[in-house]
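Enquirer: The following block contains a protein sequence and its predicted model.
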Amino acid sequence: MAALDQDELKRHIRDIPDFPKAGILFRDITPLLQNGPVLRAVIDQLADRYAHQRVDAVVAVESRGLIFGAPLAYRLGAGLIPVRKAGKLPAKTIQATYTLEYGEGVLEMHADSLSAGKRVLLVDDLLATGGTMGAVVKLMEHFRAEIIEVAFLVELTDLKGRERLGRHPMCSLIQY
């Protein structure tokens, strides 16, 4: 299947009003994930974007970022580094905190995941306020990793998360 344009991809995103609370319009990617040819087209489109760059590792954020990160790492011949919520990784970790509307969240990755100068691609399913990915960027700074790009399936542009990611190049396949 050829690359799908934004309008075609949006046809596979379901809007759920008032979830998880009143006033929120949730963009549900489950229908896209359930459609094999569309999911393959998304992974292929992202893989084609980075195919001619040296990517040492795909750094994917729990949980939905891992859905895209694992096949993308496979296609690129790169390692996969999971970033998870606190307490989920078994070995020594480093942490970064980020702000949630109701408090703080903590993300962790293994302390031996990367070495300085590694070229990484950061991946998550959705960019909203940028808090989660901002924490991942902090983790990459700890390792002195070179961020090739920050990639998302969906970007909610009104929430201005892109601004929180600073100077790092970014791509999103779908913008709302």
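Expert: Cool, got the structure. Numbering: from 1, shown residues only.
Enquirer: Centroid-nearest residue for the protein?
Expert: Closest to where the C-alpha atoms of the chain average out (C-alpha atoms, centre = their mean) is Asp124, at 1.3 Å.
Enquirer: State the helix or strand in which that residue lies.
Expert: strand 119-127 (DSSP states H and E).
Enquirer: what are the ranges of the helices in this structure?
Expert: For the chain, the helices defined by DSSP state H cover 6-10, 30-34, 36-50, 64-76, 131-143, 161-164.
Enquirer: starting at the chain centroid, how far to the first one?
Expert: Centre-to-centre, helix 6-10 and its host chain are 19 Å apart (C-alpha atoms, centre = their mean, to the nearest Å).
Enquirer: How about stretch 111-129?
Expert: Centre to centre, stretch against its chain (C-alpha atoms, centre = their mean), the figure for stretch 111-129 is 8 Å.
Enquirer: average pLDDT for it?
Expert: What stretch 111-129 shows for mean pLDDT is 97.
Enquirer: How about stretch 47-62?
Expert: Mean pLDDT, taken over the full extent of stretch 47-62, equals 98.
Enquirer: Would you mind measuring the gap between the ends of it?
Expert: 20 Å (C-alpha to C-alpha, to the nearest Å).
Enquirer: Okay, buried residues for that stretch please.
Expert: 47, 49-50, 55-62 (16 or more other C-beta atoms under 10 Å). Every C-beta, even on glycine, is put in place using the N, C-alpha and C of the backbone.
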